[in-house]
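Colleague: My questions are about this predicted structure, shown below with the sequence.
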Amino acid sequence: MGQDGLHYNQSLLSGPNNTTVPSDVLNALYGMSDHLPVIIDLVVDDETGFANNLESSTNVSFNNPVKDQLNLIVNPENAIKLTIKLTDIIGCLIYSQTIHVAGHQNLLISTRDFNCGMYLLNLTDDKGSASTFKIIKKP
């Protein structure tokens, strides 16, 4: 990977342009191994994706994409304690709040200071049921 045949025993970045991979990948290869090829094999044993296990009696809706605020509407059949977490795509917690919801509730979460990109909204009720949703923050 990254070795174009013109850089034997040389830096991947020296001499003629190396177009075997995008330049950012080439720079990462150079930073990690200089001129040696690097390959990684990944095996994922568990099912991947987002679970949607929040009680079916709890209706949740929100605007998506968001600009300056996330408008989260929660309407459970019975009173629940709901933990709301927003994380960035690498898992850093950006926002967290636990609320008691006895009926229709509208919660506004400011996203004005968030960078543009994708975030994960995780909702967990007091019984441990959880759902995760992708949120897109636009400029």
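Modeller: That came in fine, so what should we check first? Numbers count the residues shown, from 1 in each chain.
Colleague: Provide the backbone phi and psi angles at Ser23.
Modeller: phi -60, psi -40 (degrees, to the nearest 10).
Colleague: and it, how far is that from Leu13?
Modeller: 9 Å (C-beta to C-beta, to the nearest Å). C-beta here means a position set from N, CA and C on the backbone, and glycine is covered the same way.
Colleague: contact partners of stretch 67-83?
Modeller: 55, 57-63, 84, 86, 96-112, 121-127, 135, 137-139 (C-beta atoms under 8 Å, 6 or more residues apart in numbering).
Colleague: What are the buried residues along it?
Modeller: Within stretch 67-83, the residues that qualify as buried are 70, 72, 74, 76, 80, 82, counting by 16 or more other C-beta atoms under 10 Å.
Colleague: And Val66, how far from Asp126?
Modeller: 26 Å.
Colleague: how close does Phe114 sit to Ser11?
Modeller: Relative to Ser11, and taking C-beta to C-beta, Phe114 is found at 39 Å.
Colleague: Comparing these two, which residue is more hemmed in?
Modeller: Taking other C-beta atoms under 10 Å, Phe114 and Ser11 do not tie; Phe114 has more neighbours (19 against 11).
Colleague: Just give the nearest non-adjacent residue to the more buried one, would you?
Modeller: In this structure, Phe114 finds its nearest non-sequential neighbour in Lys137, 4.9 Å apart by C-beta to C-beta, 6 or more residues apart in numbering.
Colleague: circling back to that earlier point, possible to save the buried residues of stretch 67-83 as JSON lines with secondary structure and pLDDT?
Modeller: Output for the buried residues of stretch 67-83, formatted as JSON lines (DSSP: H, G, I helix; E, B strand; the rest coil; pLDDT from 0 to 100):
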{"residue": "Leu70", "secondary structure": "strand", "pLDDT": "94"}
{"residue": "Leu72", "secondary structure": "strand", "pLDDT": "93"}
{"residue": "Val74", "secondary structure": "strand", "pLDDT": "90"}
{"residue": "Pro76", "secondary structure": "strand", "pLDDT": "87"}
{"residue": "Ile80", "secondary structure": "strand", "pLDDT": "89"}
{"residue": "Leu82", "secondary structure": "strand", "pLDDT": "91"}
